[in-house]
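Visitor: next one to model:
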Amino acid sequence: MPHSVKLIAQLDKTNHRFHKVKIISNIVGVNIETTPEFTLADAKSKEYTKLFPLGKVPGLIDGDFKLFDSNAIMFYLTSFAPQTSILGQNPKESALILQYMFMSEADIMPHITAVIYPLVGNIPYIKPVVQSAEAQLKKALLSLNTLLIDKTYLVGDRLTIADIDMVCNLSMPMRFVADEKYRKEIRNVTRYFKTMINKKEFKEVIPDFKFCVEMLKPPVVKKTEPKPAKVKAELKSKKETVPKPVKTGKDEGDDEAALAPKPKSALDLLPKSNFNLEDWKRFYSNNDTKPTAMDYFWKNFDPEGYSIWKVDYKYNDENTLVFMSNNLVGGFFNRLERARKYAFGVMLTLGVDNDNVISGYFVIRGQTIPEEVTDAADFESYSFVKVDHTDPTIKEEVGDYFAWEGPSLPKPFADGKAFK
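Guide: Next up, the predicted model:
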């Protein structure tokens, strides 16, 4: 009697992680009890996190044994068919299988999710972040394209667990972003994917795969609709019928002073600027940074009302992993909330693990660093140096930092965040 296990996962037809496990289970002959009612929201429930504290999906239960991560689950299921060659026929093949699986999960998959998740609304869409991820994904797929130039399978001359992992991961870009033109640029990857997806093992689980016809478009941000004229008229009428306050003998100037709203920030007392920071933030988010957004910025920038500052982390020599450095930036931005109305900035993590720096540029209201910035707990960990906006070198560097790419960046781009 075939062995049976329970797999907790959403049964979405685009769920590549479920597909991996289901394909393996079919090959090795293990029955899977599925959970048709399970959703991603359920992964945060007390019931699920009690079983799998990280909330990672899918999760496998086999008696008292619990296991998360689709690749780990695949490896476990292969143990029920020890004679299969799906893990390789010798130590060298097994090592190559691991190599390609690590490549798929570490060098390709993060860029796939960084491109697709914002497009489908799973995470916020930030144009420079997505553009950078698109470039990184293309670079990774071109590398895979070279590796596949003379291969039908990733390892040896038969299907292995590496192919199942790679093809299921590639199903996301092939479904959502790799249109016909894109696929022609990675011909070997496309040939490989078409060969695999039409094999019996894949057809049983993904019977009607459809390739991308047109790349997903960024989500449209709904604008607040203006109030109808009738409502405006009613509001105006109400305002006109409000009785004027009765004078109490005080001077009119005293009344006006008492009724005038007090500014929330000293920056609100500065002369009005023609440079609308909120308009710039929207334009930056919804257009290509270079040249479109940067042309807009330099055309509209008001050097009297705003200043530009180069910002560097003071302890770059202590940075270790890239994601930890980027988390420092995220924490700094969280504590700059008071400055959000008066500042815009981009901070990048440049370099690689154990050799990276944090630096960027900020545009700030006024000519000095305001209390809204200096009040942040992390402020003393960063140096702020005002720069000359008319210097061509500075203008180029500001453009490169805002675009998250360019020749003036001191190290290769790794990650970044925009404060807006």
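
Visitor: helices of the stretch 201-350 of the chain, residue ranges please.
Guide: 229-241, 252-259, 277-286, 294-300, 322-334 (DSSP state H, counting those that start in this stretch).

Visitor: ranking the ones you listed by mean pLDDT, which is last?
Guide: Of all the helices of the stretch 201-350 of the chain, the minimum mean pLDDT falls on helix 252-259 (a mean of 46).

Visitor: the domain parsing of this structure - what is it?
Guide: Using automatic domain parsing, the domains assigned to the chain come out as 4-78, 91-203, 278-419.

Visitor: distance to Pro218 and mean neighbour count added to those domains, as JSON lines?
Guide: Heads up, the C-betas are built off the backbone N, CA and C, glycines and all. Below are these laid out as JSON lines (distance: least, Cβ to Cβ, whole Å; neighbours: other Cβ atoms under 10 Å):
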{"stretch": "domain 4-78", "distance to Pro218": "19", "mean neighbour count": "17"}
{"stretch": "domain 91-203", "distance to Pro218": "5", "mean neighbour count": "18"}
{"stretch": "domain 278-419", "distance to Pro218": "8", "mean neighbour count": "17"}
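
Visitor: okay if I get those domains as a markdown table plus distance to Phe211?
Guide: Below are those laid out as a markdown table (distance: least, Cβ to Cβ, whole Å):
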| stretch | distance to Phe211 |
| --- | --- |
| domain 4-78 | 13 |
| domain 91-203 | 6 |
| domain 278-419 | 26 |
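
Visitor: quick one: closest of these to Leu216.
Guide: domain 91-203 (4.1 Å; Cβ to Cβ).

Visitor: first to last residue in that closest one, what's the distance?
Guide: 30 Å (Cα to Cα, to the nearest Å).

Visitor: helices of the stretch 1-150 of the chain, start to end?
Guide: 16-28, 46-51, 70-78, 91-102, 109-120, 127-147.

Visitor: which stretches of the stretch 101-250 of the chain have low pLDDT?
Guide: 221-250 (pLDDT under 70).

Visitor: same thing but 90
Guide: 119-132, 208, 215-250 (pLDDT under 90).

Visitor: cool, and the stretch 301-420 of the chain?
Guide: Checking the stretch 301-420 of the chain against pLDDT under 90 turns up 315, 317-328, 330-331, 334-335, 337, 353-354, 375-381.

Visitor: ok, the residue nearest the centre of the chain to Ala133 distance?
Guide: Nearest to the mean C-alpha position of the chain, counting by Cα atoms, centre = their mean, stands Ala114 at 4.4 Å. For Ala114, the distance to Ala133 (Cβ to Cβ, to the nearest Å) stands at 3 Å.

Visitor: likewise for Tyr382?
Guide: 26 Å.

Visitor: ok, Leu328 next?
Guide: For Leu328 relative to Ala133 (Cβ to Cβ), the value is 21 Å.

Visitor: Thr113 now?
Guide: 8 Å.

Visitor: and for Tyr342?
Guide: With Cβ to Cβ as the criterion, Tyr342 and Ala133 are 29 Å apart.

Visitor: export the host helix or strand of Arg183 to CSV, keeping only CA atoms.
Guide: Using DSSP states H and E, Arg183 sits within helix 180-185. Provided in CSV are the C-alpha atoms of helix 180-185 (Å, rounded to 0.1, in the frame of the first residue of the first chain):
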residue,chain,number,x,y,z
GLU,A,180,7.5,36.0,-27.1
LYS,A,181,10.2,38.6,-27.5
TYR,A,182,11.6,37.9,-24.1
ARG,A,183,11.6,34.2,-24.7
LYS,A,184,13.6,34.6,-28.0
GLU,A,185,16.4,36.3,-26.0
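
Visitor: check which element follows it along the chain.
Guide: helix 187-197.

Visitor: tell me what angle that following helix forms with helix 127-147.
Guide: Relative orientation of helix 187-197 versus helix 127-147 (axes from the mean of the first three to the mean of the last three Cα atoms, to 10 degrees): 80 degrees.

Visitor: which residues touch the residue lying closest to Thr49 once chain neighbours are set aside?
Guide: Among residues not flanking Thr49 along the chain, Gly55 sits closest, at 5.3 Å (Cβ to Cβ, 6 or more residues apart in numbering). Contact analysis of Gly55 by Cβ atoms under 8 Å, 6 or more residues apart in numbering lists Ala43, Lys44, Tyr48, Thr49.

Visitor: just Val177 next, same as before
Guide: Val115, Ile116, Leu119, Glu134, Cys212, Met215, Leu216.

Visitor: can you do 10 Å?
Guide: Ile112, Val115, Ile116, Leu119, Glu134, Leu137, Cys212, Glu214, Met215, Leu216 (Cβ atoms under 10 Å, 6 or more residues apart in numbering).

Visitor: what do you get for Thr49?
Guide: Ala43, Gly55, Lys56.

Visitor: ok, it to Thr113 distance?
Guide: 21 Å.

Visitor: what sits against the nearest residue to Pro124 once chain neighbours are set aside?
Guide: Spatially, and ignoring its direct neighbours in sequence, Pro124 is nearest to Pro118 (6.6 Å; Cβ to Cβ, 6+ apart). For Pro118, the contact set (Cβ under 10 Å, 6+ apart) comprises Pro124, Tyr125, Ile126, Lys127, Val129, Val130, Ala133, Leu216, Pro218, Pro219.

Visitor: next, format those residues as JSON lines and append distance to Phe102.
Guide: Output for the contacts of Pro118, formatted as JSON lines (distance: Cβ to Cβ, whole Å):
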{"residue": "Pro124", "distance to Phe102": "29"}
{"residue": "Tyr125", "distance to Phe102": "29"}
{"residue": "Ile126", "distance to Phe102": "28"}
{"residue": "Lys127", "distance to Phe102": "30"}
{"residue": "Val129", "distance to Phe102": "24"}
{"residue": "Val130", "distance to Phe102": "25"}
{"residue": "Ala133", "distance to Phe102": "19"}
{"residue": "Leu216", "distance to Phe102": "28"}
{"residue": "Pro218", "distance to Phe102": "31"}
{"residue": "Pro219", "distance to Phe102": "32"}
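
Visitor: looking at those residues, spot the one nearest Leu267.
Guide: Distances from Leu267 to those, taken by Cβ to Cβ, are shortest for Ile126, at 25.5 Å.

Visitor: quickly note the distance from that closest one to Phe419.
Guide: 11 Å.

Visitor: before we move on, what about Glu397?
Guide: 18 Å.
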